[in-house]
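Chemist: using only what follows, build the 3D model:
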Amino acid sequence: MPVSFPPALMLSLDLLRCPTCRTRRLCPDRGALRCPAGHTFDVARHGYASLLTGTRATSGDDAAMVRARDRFLSTGAYAPVRDVVGRLAAGAVSGRGAVVDVGCGTGYYLTGVLDRLPGARGLGLDTSVHALRSAARAHDRAAAATWDVFRPFPLADAVADVVLDVFAPRNPAEFRRVLRPDGRLIVVRPTGRHLAELRGRVPAMIAVDPVKERRLHRALSPFFEATVTEQVEYAALPAGREALDLVSMTPSARHLSRADLNDDGPLPAEVTVSVLATAYRPR
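Modeler: Here you go, the predicted model:
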């Protein structure tokens with residue numbers, strides 16, 4: 001086994017299963033992961049495992065979005081959101097527990113959870129290789145791998161103490177399959193007031209669907225029961241560059257032109273951050 005094999009990935013190998021076989025374990029082999037049937041998956045030099053094969057993801061964050069996300073999150077403007085995620089997760093993990101972050105991005109929220117749980121290890125899944133380059137190095141107990149949330153996860157049954165879904169798409173059946181019976185799913189999503197001032201400044205930004213909560217309940221209720229919901233709402237005061245980064249790191253960035261993001265235009269002095277964070281237990 002190469003000395004350079006990511007230590008965090010070693011910590012999470014027991015969670016993984018071959019994406020092709022679905023049941024066989026993966027083992028390190030000359031800088032890659034291999035199952036007993038011979039299916040092999042590269043480990044990128046940046047430290048993440050390339051498990052998503054046979055398809056080319058088009059929806060993951062591109063390099064510019066990831067740079068904007070890194071710059072904005074480094075300001076601490078979303079720290080209260082990360083804090084509530086960590087608080088909700090902390091009560092569900094003991095000992096050498098496992099936290100799986102689906103749609104992990106750069107690993108910002110997974111890192112916050114692991115900082116609260118010194119014995120836990122984490123695994124982040126995302127389609128964006130640009131984001132995973134950061135996620136794989138975000139925390140010494142956080143591994144990262146390419147994966148599409150809408151496909152069956154490359155994970156064994158009932159291995160996760162916590163599944164995180166923060167501003168990300170959802171796969172309720174797979175969340176339920178990989179969670180332990182006493183595990184927790186934590187979902188964070190925006191309210192209609194989230195970033196309202198920016199949407200007023202940049203009309204091309206994607207609005208929050210007014211029936212989002214109803215759709216979320218309909219999708220999750222066959223598999224999960226909500227135990228607690230916390231609303232996090234506060235005014236952030238981003239400087240001009242930070243406000244542009246906030247727009248540029250969201251899915252709206254794919255629908256905006258350079259003119260839409262022109263930093264010579266008027267920017268709001270205050271932006272409302274408004275999200276709901278819910279902890280669910282499996283039914």
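
Chemist: rest of the way, CA atoms for contacts and neighbours
Modeler: OK.

Chemist: strands of the chain, start to end?
Modeler: For the chain, strands defined by DSSP state E occupy the ranges 27-29, 32-34, 40-42, 98-102, 121-126, 142-146, 160-166, 179-190, 224-236, 271-282.

Chemist: between those, which one is closest to residue 201.
Modeler: strand 271-282 (10.8 Å; C-alpha to C-alpha).

Chemist: convert that closest one to CSV, retaining C-alpha atoms only.
Modeler: Output of strand 271-282 as CSV, limited to C-alpha atoms (Å, rounded to 0.1, in the frame of the first residue of the first chain):
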residue,chain,number,x,y,z
VAL,A,271,-28.4,40.1,3.4
THR,A,272,-30.8,37.9,5.2
VAL,A,273,-29.6,34.3,5.9
SER,A,274,-32.7,32.2,6.7
VAL,A,275,-32.7,28.4,6.8
LEU,A,276,-34.5,25.5,8.4
ALA,A,277,-32.5,22.7,9.9
THR,A,278,-34.3,19.5,10.8
ALA,A,279,-33.2,16.3,12.4
TYR,A,280,-35.0,13.1,11.3
ARG,A,281,-35.0,9.6,12.7
PRO,A,282,-35.7,6.6,10.6
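
Chemist: so residue 248 touches residue 63, yeah?
Modeler: No. Under the criterion of C-alpha atoms under 8 Å, residue 248 makes no contact with residue 63, lying 10.9 Å away.

Chemist: of these two, which one has the most company?
Modeler: A side-by-side neighbour count of residue 248 and residue 63, using other C-alpha atoms under 10 Å, places residue 248 first with 21 against 14.

Chemist: what sits against that one?
Modeler: Each residue near residue 248 by C-alpha atoms under 8 Å, 6 or more residues apart in numbering is listed here: 64-65, 68-69, 261.

Chemist: narrow those to those in helices?
Modeler: Here DSSP state H is the test, and the contacts of residue 248 give 64-65, 68-69 as lying in helices.

Chemist: make TSV out of those and add distance to residue 76.
Modeler: As requested, those are arranged in TSV below (distance: C-alpha to C-alpha, whole Å):
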residue	distance to residue 76
64	20
65	17
68	14
69	11
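
Chemist: and those, which are buried?
Modeler: Among the ones in helices among the contacts of residue 248, those buried by neighbour count (16 or more other C-alpha atoms under 10 Å) are 65, 68-69.

Chemist: any chance of TSV for the strands of the chain, columns distance to residue 88?
Modeler: TSV is the format used below for those (distance: least, C-alpha to C-alpha, whole Å):
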stretch	distance to residue 88
strand 27-29	32
strand 32-34	33
strand 40-42	34
strand 98-102	12
strand 121-126	16
strand 142-146	19
strand 160-166	10
strand 179-190	7
strand 224-236	9
strand 271-282	7
